[in-house]
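Peer 1: attaching a predicted model along with its sequence, questions to come.
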Amino acid sequence: DSLTNSILVAHLLQSAVIMSSLSLSHVLLLSPSVCLSNTGDGNPRESSPFINNTDDDKGTLYDGKNMALFEEEMDSNPMVSSLLNKLANYTNLTQGVREHEEADEDEGAKKKTVKSPQMGTFIGVYLPCLQNILGVILFLRMTWIVGTAGILESFIIVSMCCSCTMLTAISMSAIATNGVVPAGGSYYMISRSLGPEFGGAVGLCFYLGTTFAGAMYILGTIEILLTYIVPSAAIFKAEEKAQEADALLNNMRVYGTCCLTLMALVVFVGVKYVNKLALVFLACVVLSILAIYAGVIKTIFEPPVFPVCLLGNRTLQNHDFDKCMKTEIIDNLTVTTKLWSLFCEGPELNASCNEYFSLNNVTEIQGIPGLTSGVISENMWGSYGPAGMLVEKAVPSVPASVASQDKYMPYVANDITTFFTLLVGIYFPSVTGIMAGSNRSGDLRDAQRSIPIGTILAIPCIVIIIKSILKYLSCVVVFGACIEGVVLRDKFGDSVKGNLVIGTLSWPSPWVIVIGSFFSCCGAGLQSLTGAPRLLQAIARDGIVPFLQVFGHGKANGEPTWALLLTAVICESGILIASLDAVAPILSMFFLMCYLFVNLACALQTLLRTPNWRPRFKYYHWALSFLGMSLCLALMFISSWYYALVAMLIAGCIYKYIEYRGAEKEWGDGIRGLSLNAARYALIRLEEAPPHTKNWRPQLLVLLSLDSELSVKHPRLLSFTTQLKAGKGLTIVGSVLEGTYLTRESDAKRAEQSIKSAMAAEKTKGFCHVVVSSNLRDGFSHLIQSAGLGGMKHNSVLMAWPANWKQSNDPQSWRNFIETIRETTAAHQALLVAKNVDSFPHQERLAEGTIDVWWIVHDGGLLMLLPFLLQQHKVWRKCKMRIFTVAQLDDNSIQMKKDLQMFLYHLRLNAEVEVVEMHDSDISAFTYEKTLVMEQRSQMLKQMQLSRTEREREAQLIHDRNTASHAALNDNSDATPERVHMTWTKEKFCTERTRNREPNASVAVRDLFNMKPNQSNVRCMHTAVKLNEVVVNKSQGAHLVLLNMPGPPKSRGGDENYMEFLEVLMEGLNRVLLVRGGGREVITIYS
């Protein structure tokens, strides 16, 4: 055809002109419509004729031309620089602001936010943890536990409890470093991992445990005050020995209430005062610990003198006598001592005395024999007994015939019934301090300050637990090796003149320990009263328990006033119990239940391997979490089976209440992830609400092309799917056959078997779906719309780049590709397009290299999530991630890099960061000519298409005439045939074609030579060329390059140009993955 030949000649002539101009000079253009002006700096600029623009628009001609390819979607997908600018001022959420996930954007003007005190790692985490661990149990009950249980069983108790806490600390460290933990600490971790029902139930139980812990510390404070510091301050005094217990309890209630009121006022005034006092209190605690170990060392050379008086084998209370003897000789006269008068009816030598007193002698032993005395062998085994059992030493004695009067004698006796499981419940609160710091996570300073030392919670928790294990295990040995057994079992130190037993071991004075323990209990009580209200406030602000919402309010600076009031009321109920030994097992239950669910949350997240599970703390394992969970459950029933059942009942009631009320919160809990493996019930649940950002993972629909033999064209696409999914989540592999199902049913089945065989060969786990449709476009559209079932639907589409689209005679192939892009966008699904997919790795492991991410615009974060998922597979495991972003003229590239590094740190992603500066530059002659060639080629193809259409119309006319003639001949003979009048006769058609052929050809050639490229196309081509230059320069050697995929033009007239832009963007790169987000966030900094 002459028209076709003319167009081809014109195209060749124009191409020759272009190549000649480029070879002579890259900045001079020989086209008659082109002119360059010099600005005086030696750099030629393009004048307005190049872009068909008027002088009025010259001022804003090329604003943002570097990113013109992405500008149509800039409103929904902002530039990375603008996103980072918003994140630059990011700080951890404070107590005074609404939680980020529940922020109401329709409230109007933003309220002024008053920041709470922002604490560092030391004050915010170390102090609360240390004050709770090195607290009341260590000073008041540790020696008694060692004496009662013996060294071996004490080792078992300490090991079990510390192991439970250690395993929980590992799980909590993993959860705490899996994103930012706002206010609520452990409650936040559990609720966001296991859902609002579990979170609310366990959160409230943990709140009750923390509140009762405050009561226990206050009771410890009062016990030290009334027993060891000022016993004379007791309001209620016992007239008989049998009334001493009741009097002590009443004194504890009165003084405890006063102490609670004072501490609540201090907390109400402000947490900063608590922190200031905490430093003083902790200094006292540290000095006390040092005094104990100094005293231990001193016992080797010079044991302290603390005599213990024994009557027979029974230990005596050494309050009312000075000398451990029945009689003494003064001035050659035998007189009775004060001890005599305690057991006899009078001071006379012939007075009637207690039978046991008369039958046995009085002996005096040293209460602190020293580290080298060998007393450790006597303290190896336990000595349990009922309440009222006398504390006796293993020496011979003469028993009395009647023991009914023993309870009125000044013997040291058990105040409660002792057994192993009770001691476990009493001891466990001493290792619960790891959560004290996490409760105040909302008050911690921004994580930037904690980067040099690790993480906010992980390192302190692990270090503190290790220290506590060593501390308590060493204390078991030291106490058992230095202190006499009867003194160890003397809970209140009655046998050593009312001294604190652990204080008798210290140097230089027992008062160091008494004062230190007093301040330690005060500090721990303040920390509990500070942490518990914040925990309740976080639960109330989540709104999952409606009747608690009032406790979410507080002072202007966010201090939880109402929550503090309720905490004080509940704490008072614990103080009214008035017994430290009775309160300790109660709070142990609540803490153990919380620890159980922390371990469960970590185990579930690890096993489900959700993409958002990226803890910076790496030393965890699901088996350790399950072991910790089992140990927590065992300790609950070991400590007190009935308390364990009550705690579970309370938690169950809260769970059912939240479920009944309909928890409208969706935090991306791990339980929903299990629903993928269930049947109808799970599918229905999955449809209730879209998955949370934390649970988002690419559920892939893989669109495959089949050859004429129905074999898979690109099997490496399945390999890449396997590497990306690692067997997790949903994969649907789909393909389309042209035709009707009735005629191609067997082909569809063969195609399905072929795809399944390819999936098996590539180890791709998923489902296969082959659709028969009248055309490929409709078939792929049906797959995108309807693949999947219920909640098990895909959210991402993976396909191969149409490599030979330029050489294809059928433009429908690349048009189908662009329509697929438009349909995935309309369906809010992500799109992944792999270029050169046949060169992607199969099963061989790649050597060390890089996965380069070019983050140009932010469309949900999928670009950063995909490399992380690939790195989980063995093929890509050695590859490091590099993230490149582009800085414009107005951007501060140094600050952008810092902000991006901080953003990646919050995302728990390890990647090198580089900011590439792409300043606005003049559009080069090369870009202009490349755009011109592209448009001329497009125009030429349209002319060729018109020529083809003309020939098809001619054939159709001949076919219509023949059909009409055949119909006329077959009519009945008596019918008059109706003449068919043709609009186009052969003669008319030939004349018209001859008349129009030559002018049309010349016009087409003239139009091609005089074409000027469209301004928008020039700018888009400039974006593609400049981006390609920097990408090739930086990432040509990368194993994989991920690029933002710009959206197709709104007008379908520019589809072919769009394909050309993408081709230029990826030119010179081997493995490329174009990524287009689905219009939602898929990655989050939060836990």
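Peer 2: Sure, I can see it.
Peer 1: mind checking how far residue 634 is from residue 777?
Peer 2: To residue 777, residue 634 is 62 Å away according to CB to CB, to the nearest Å. In this view, the C-beta of every residue, glycine as well, is placed from N, C-alpha and C.
Peer 1: which stretches in the stretch 251-400 of the chain count as strands?
Peer 2: Counting by DSSP state E, counting those that start in this stretch, one finds strands in the stretch 251-400 of the chain at the ranges 307-311, 314-315, 327-330, 333-336, 362-366.
Peer 1: of all those strands, which lies closest to residue 397?
Peer 2: Using CB to CB as the criterion, the shortest distance between residue 397 and these is 7.3 Å, found for strand 314-315.
Peer 1: thinking again about what came up before, quick one: which of residue 634 and residue 777 has more around it?
Peer 2: When neighbours are counted by other CB atoms under 10 Å, residue 634 and residue 777 differ, and residue 777 comes out ahead with 17 against 14.
Peer 1: quick one: what helix or strand has that one in it?
Peer 2: Under the criterion of DSSP states H and E, residue 777 resides in helix 776-786.
Peer 1: and that helix, what's its mean pLDDT?
Peer 2: Confidence over helix 776-786, taken as the mean pLDDT, stands at 89.
Peer 1: run through who's touching that helix.
Peer 2: 701, 703, 734, 736-738, 769, 771-773, 797, 812, 815-816, 819-820, 823-824, 827, 829 (CB atoms under 8 Å, 6 or more residues apart in numbering).
Peer 1: show the contacting residues for residue 622.
Peer 2: Under the criterion of CB under 8 Å, 6+ apart, the contact partners of residue 622 comprise 602, 603, 606, 607.
Peer 1: the same query, at a cut-off of 6 Å, please.
Peer 2: Remark: with contacts taken as CB atoms under 6 Å, 6 or more residues apart in numbering, residue 622 is in contact with 603, 606, 607.
Peer 1: which of those residues fall within helices?
Peer 2: Secondary-structure check on these using DSSP state H: residues within helices are 603, 606, 607.
Peer 1: am I right that residue 1075 is in contact with residue 864?
Peer 2: No. Under the contact definition of CB atoms under 6 Å, residue 1075 does not touch residue 864, with a separation of 9.9 Å.
Peer 1: okay if I get the strands of the stretch 251-400 of the chain as TSV plus mean neighbour count and mean pLDDT?
Peer 2: As requested, the strands of the stretch 251-400 of the chain are exported to TSV (neighbours: other CB atoms under 10 Å; pLDDT from 0 to 100):
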stretch	mean neighbour count	mean pLDDT
strand 307-311	21	92
strand 314-315	24	92
strand 327-330	11	88
strand 333-336	12	88
strand 362-366	16	92
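Peer 1: and those strands as TSV, adding distance to residue 852?
Peer 2: Output for those, formatted as TSV (distance: least, CB to CB, whole Å):
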stretch	distance to residue 852
strand 307-311	76
strand 314-315	77
strand 327-330	94
strand 333-336	96
strand 362-366	75
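Peer 1: out of those, nearest to residue 207?
Peer 2: For these, distance to residue 207 was read as CB to CB. The smallest value, 41.8 Å, belongs to strand 314-315.
Peer 1: quick revisit: which of the strands of the stretch 251-400 of the chain sits closest to residue 502?
Peer 2: strand 307-311 (15.5 Å).
Peer 1: give the pairing partners of that closest one; include direction for each.
Peer 2: Using DSSP bridges, the strands paired with strand 307-311 are strand 314-315 (antiparallel), strand 362-366 (antiparallel).
Peer 1: can you lay out those as a markdown table showing distance to residue 480?
Peer 2: Rendered in a markdown table, the data for the strands paired with strand 307-311 read as follows (distance: least, CB to CB, whole Å):
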| stretch | distance to residue 480 |
| --- | --- |
| strand 314-315 | 17 |
| strand 362-366 | 16 |
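Peer 1: can you tell which of those strands is closest to residue 536?
Peer 2: If you check each of the strands paired with strand 307-311 against residue 536 by CB to CB, strand 314-315 wins as the nearest, at 45.5 Å.
Peer 1: for the closest one, which outside residues touch it?
Peer 2: When contacts are defined by CB under 6 Å, 6+ apart, strand 314-315 is touched by residues 390, 391, 392, 411, 412, 486, 495.
Peer 1: out of the residues you listed, who's nearest residue 278?
Peer 2: Using CB to CB, residue 495 is the member of the contacts of strand 314-315 that lies nearest residue 278, at 34.7 Å.
Peer 1: enumerate every residue touching residue 79.
Peer 2: Contact partners of residue 79, counting by CB under 6 Å, 6+ apart, are residue 857.
Peer 1: try it again with 8 Å
Peer 2: For residue 79, the contacting residues are 67, 70, 856, 857, 858, 886, 888, by CB under 8 Å, 6+ apart.
Peer 1: neighbours around the first one, how many?
Peer 2: It refers to residue 67. Taking other CB under 10 Å as the neighbour definition, residue 67 ends up with a count of 22.
Peer 1: same thing with the last one?
Peer 2: For residue 888, the neighbour count with other CB under 10 Å is 17.
Peer 1: now swap in the one 10 residues further on and tell me
Peer 2: Around residue 898 sit 16 other residues, with neighbours defined as other CB under 10 Å.
Peer 1: and it, how far from residue 917?
Peer 2: In this structure, residue 898 and residue 917 are 15 Å apart, going by CB to CB.
Peer 1: ok, residue 1059 next?
Peer 2: 29 Å.
Peer 1: show me the contacts for residue 729.
Peer 2: Under the criterion of CB under 8 Å, 6+ apart, the neighbours of residue 729 are 676, 697, 698, 699, 700.
Peer 1: give me the beta-bridge partners of the last one?
Peer 2: On the basis of DSSP bridges, residue 700 takes part in beta bridges with residue 731, residue 796.
Peer 1: give me the distance between it and residue 1066.
Peer 2: When CB to CB is applied, the distance between residue 700 and residue 1066 equals 21 Å.
Peer 1: neighbour-wise, which of residue 1059 and residue 917 wins?
Peer 2: residue 1059 (21 against 12).
Peer 1: for residue 792, find the nearest of the strands of the stretch 251-400 of the chain.
Peer 2: Counting by CB to CB, and looking across all of those, nearest comes strand 314-315 at 71.3 Å.
Peer 1: residues near the closest residue to residue 322 other than its chain neighbours, how many?
Peer 2: What sits nearest to residue 322 in space, not counting adjacent residues and going by CB to CB, 6 or more residues apart in numbering, is residue 338, at 6.8 Å. The burial count assigned to residue 338 is 12, neighbours taken as other CB under 10 Å.
Peer 1: and the strands in the stretch 801-950 of the chain?
Peer 2: Assigned by DSSP E, counting those that start in this stretch, the strands in the stretch 801-950 of the chain fall at 830-835, 849-855, 879-887, 911-917.
Peer 1: include mean pLDDT when you put the ones you listed into a markdown table, please.
Peer 2: Written out in a markdown table, the entries for the strands of the stretch 801-950 of the chain read as follows (pLDDT from 0 to 100):
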| stretch | mean pLDDT |
| --- | --- |
| strand 830-835 | 93 |
| strand 849-855 | 92 |
| strand 879-887 | 91 |
| strand 911-917 | 90 |
